[in-house]
Every structure is written in C-alpha cells, then in structure tokens.
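Participant: all I have is the shape, not the residue letters:
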C-alpha cells in the first residue's frame, strides 16, 4: 500500500513513518507548511521542516513540502481571532485537524496516487464488522482522540495511526534504536502561531481591538475591571485582579456578556452544571440511541464524566445529563462523547471508543 505520512518534524511522526516502512508499505513523507509567521513553540518552524526532511533522508524515503499557509490563515487563524471577538475560547488544534491535517492533506493524498495517510497522533483506528472506530491511544497521558473526533467513516477508512498502540516512552525508544535525529526532541506544547514573548493578548490584539470590561458578582455587584474582555474565559480564576477584593471563597468566571461588557464571577458551585446542550453533533460512527450511557470529555486531557445521552428534536441535537455536576464548558471548546466498545479481540474497552463531538457555543444549563 502507498502511504503518505504527515511529517511534523517531531518524534511521533518520525516513528510513524518508520513503522509504516517496517510493515512493508511504500512510504513518502510530507510536511505541511502551515504558519508563515514567527514560531517558538517547537512546531511549524523552518527547523521542523528540516528535521522532517532529515528523518526522511535517514529512512531512505522521499520528502515533500505542501504549502497550506493560505488555508491555515483562512481556516484556523482567522476563526481563532473571530472566536475571541465573540468572547469564545477556541481550540485551534481541532480546527487544524479538521481543515488541514485531515482535510487538505487527506484530499491531496489520492490525487498523488496514495492509498492512505498516516500521522503521529496518539490514537487508534480499529474495525468492528463493517464499522471503523476511533479509539484512545494506549498512552492515556498522551491520548489525542479528543482532537480527532471529527473523523467520520470516510476518513477513518483511509487514516493510519501507527503509534497509537505505543506509549511515548516506547516511541522514543524506537526512534533511539533507529538513531533518528528527533528521538530526544521535546514535544510541542503551545499554539504554533502564538509566540511565548508576545502571547495571546499580543497576537489577538494586533488583529482585533481589545476592550476592557467590568467584573460583577452573580448578584450584580462590581468587583473590578479587566483590560480585555475578549480574552476572558469561562472557568478562569487567575489573572482577574480579584486578589485585591476581600472574598471568602475562590471566584471563577461563569459567564461573559460581550454586548454589556461584563464578566460574571461566582463560586465553584455557580460554575457547575448538570447538563450539556448539543446543537450539532458530528458522529464518528452511527448516532447514539437516546438513553444510552456515555462518557464525556470536555478538554484534551480532562477527566471523563459519566452521563446519559437524551437526544434531541433534530439529528445531531441533544442533551447530555451528567451523573454528577461538572464545570461548565467554555463556549468554543469541544464536547466529545465516548462509549464502551469491543475491538477485534472481543474485549471491552470502556470509555475508549469515540462516538462523536461538537464545538459548543454555550456553556450548558445548570439543573442541580
């Protein structure tokens, strides 16, 4: 099989390419040039492209560079800034996976004669009867299935995730055994287009006006001001300047009202919700039957929450009722549903199979 491997210049994609070769596939590496500006996050830099090229050279395979900078600006950066303009908290990695890594890259592969693509994501693709399943990676600490929820049956049929069965330690060991130049390279941690020096405020502030706002209690009392309401996140506790206010309990942002230029601050109890409202669920396989038990994840490495899917009046809409209250989801973040599932070995892997997900526009409704 001809496989096009997405080579980021990191150790995970390096080993993914090596494993594809080991399995006997005809392999070519390709690096997506996405961000054209400065980057110090260990991702999307000129050095990363060079690392990918050198690894391909070590493995004896061809290496290509695809220039997707215009697509990245349109589909990732612009929506990221626009989300902040609406006081939402975007996840650019999800947008990048949707439009670039499993969008443009997956579209280009067959045009170049490839049967499948492979990436270095820590997740697994399995098949049960005629249904493809997206599962958590074996390394729970590195699992990336949360940011891959948008992969449906058509995509999963042409996606290979070679390192999903390995821990990060095992990945580095393989790279070291092969003497790959990326074996000890640190993982990229931050948003590739946000520099450590300028930060989010500088990046967003150069593209949209950032204006201050009032902090108010749930009773409407003034608690202070913030410099940029567009950068305030539901659930935020630090950086609000509340240390100067005498409060008996910790306070968290529970709502951001951009038109009225206010952020409501409350206690942890005020932040908790018992239901999550879903407007447009993207199903990875078949839609979940109303009444089914699910596990819910609301951040990349958050603790899974148990709940029940109640469905809704239209396909893709519904409500998840949680077994115990949890912090509300910041608008712009994703809610991903998981369920028990049986793999090819017939075993039960509770909470490992991705059912679907959605970027929510609201923070849920409290019923407790």
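Facilitator: It's in. Predicted model, so just to flag it, every value in this text is computed and none were measured. Numbers count the residues shown, from 1 in each chain.

Participant: I'd assumed residue 226 was in contact with residue 211.
Facilitator: No - the pair residue 211 and residue 226 does not pass the contact test of Cβ atoms under 8 Å, sitting 9.8 Å apart. Every residue, glycine included, has its C-beta placed from N, CA and C.

Participant: ok, the two, which is more surrounded?
Facilitator: Of the pair residue 211 and residue 226, residue 226 is the one with more neighbours under other Cβ atoms under 10 Å, namely 23 against 12.

Participant: list the contacts for the spatially most central residue of the chain?
Facilitator: Centroid check for the chain by Cα atoms, centre = their mean gives residue 147 as the closest residue, at 3.1 Å. Contacts for residue 147 were tallied using Cβ atoms under 8 Å, 6 or more residues apart in numbering; they are 91, 93-94, 97, 300, 334.

Participant: also residue 153?
Facilitator: Shown in contact with residue 153 (Cβ under 8 Å, 6+ apart): 131-132, 284-285.

Participant: what is the burial count for residue 129?
Facilitator: For residue 129, the neighbour count with other Cβ under 10 Å is 5.

Participant: show me the contacts for it.
Facilitator: Counting by Cβ under 8 Å, 6+ apart, residue 129 makes contact with nothing.

Participant: what's the longest strand in this protein?
Facilitator: Of all segments of type strand in the chain, defined using DSSP state E, the longest is strand 318-327.

Participant: sort out which residues of that strand are buried, please.
Facilitator: Buried residues in strand 318-327, counted by 16 or more other Cβ atoms under 10 Å: 318-320, 322, 325-327.

Participant: can you check stretch 258-270 too?
Facilitator: Across stretch 258-270, burial judged by 16+ other Cβ under 10 Å covers 258, 262-267, 270.

Participant: farthest-separated two in the residues you listed?
Facilitator: Farthest pair in those (Cβ to Cβ) is 258 and 267. Separation: 22.8 Å.

Participant: picking that back up, of the contacts of residue 153, which is the most crowded?
Facilitator: Greatest neighbour count in the contacts of residue 153, by other Cβ under 10 Å, goes to residue 284: 26 neighbours.

Participant: quick check: it touching residue 354?
Facilitator: Yes - the pair formed by residue 284 and residue 354 meets the contact definition of Cβ under 8 Å, at 4.9 Å.

Participant: which stretches of the stretch 151-300 of the chain form helices?
Facilitator: For the stretch 151-300 of the chain, applying DSSP state H, counting those that start in this stretch gives helices covering 153-156, 168-177, 199-205, 268-271.

Participant: ok, the buried residues of stretch 258-270 vs residue 66, which is closest?
Facilitator: Distances from residue 66 to the buried residues of stretch 258-270, taken as Cβ to Cβ, are shortest for residue 258 (37.1 Å).

Participant: for the closest one, give me phi and psi.
Facilitator: Backbone torsions of residue 258, given as degrees, to the nearest 10, read phi -70, psi -40.

Participant: hang on, it packs against residue 86?
Facilitator: Yes - Residue 258 is within contact range of residue 86, at 6.8 Å (criterion: Cβ under 8 Å).

Participant: okay, the helices of the stretch 151-300 of the chain in JSON lines with distance to residue 7 next?
Facilitator: Output for the helices of the stretch 151-300 of the chain, formatted as JSON lines (distance: least, Cβ to Cβ, whole Å):
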{"stretch": "helix 153-156", "distance to residue 7": "19"}
{"stretch": "helix 168-177", "distance to residue 7": "13"}
{"stretch": "helix 199-205", "distance to residue 7": "26"}
{"stretch": "helix 268-271", "distance to residue 7": "41"}
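
Participant: once you drop chain neighbours, what's closest to residue 37?
Facilitator: Distance criterion Cβ to Cβ, 6 or more residues apart in numbering; nearest residue to residue 37, sequence neighbours excluded, is residue 193 at 6.1 Å.

Participant: could you verify my assumption that that neighbour touches residue 77?
Facilitator: Yes - using Cβ under 8 Å, residue 193 is in contact with residue 77, at 6.1 Å.

Participant: overlap of the contact sets of the two?
Facilitator: The contact sets of residue 193 and residue 77 overlap at 35, 92 (Cβ under 8 Å, 6+ apart).

Participant: chain center to the lengthiest helix in the chain, what's the gap?
Facilitator: Looking across the chain with DSSP state H, the single longest helix is helix 46-59. Centroid separation for helix 46-59 versus its chain: 25 Å, with Cα atoms, centre = their mean, to the nearest Å.
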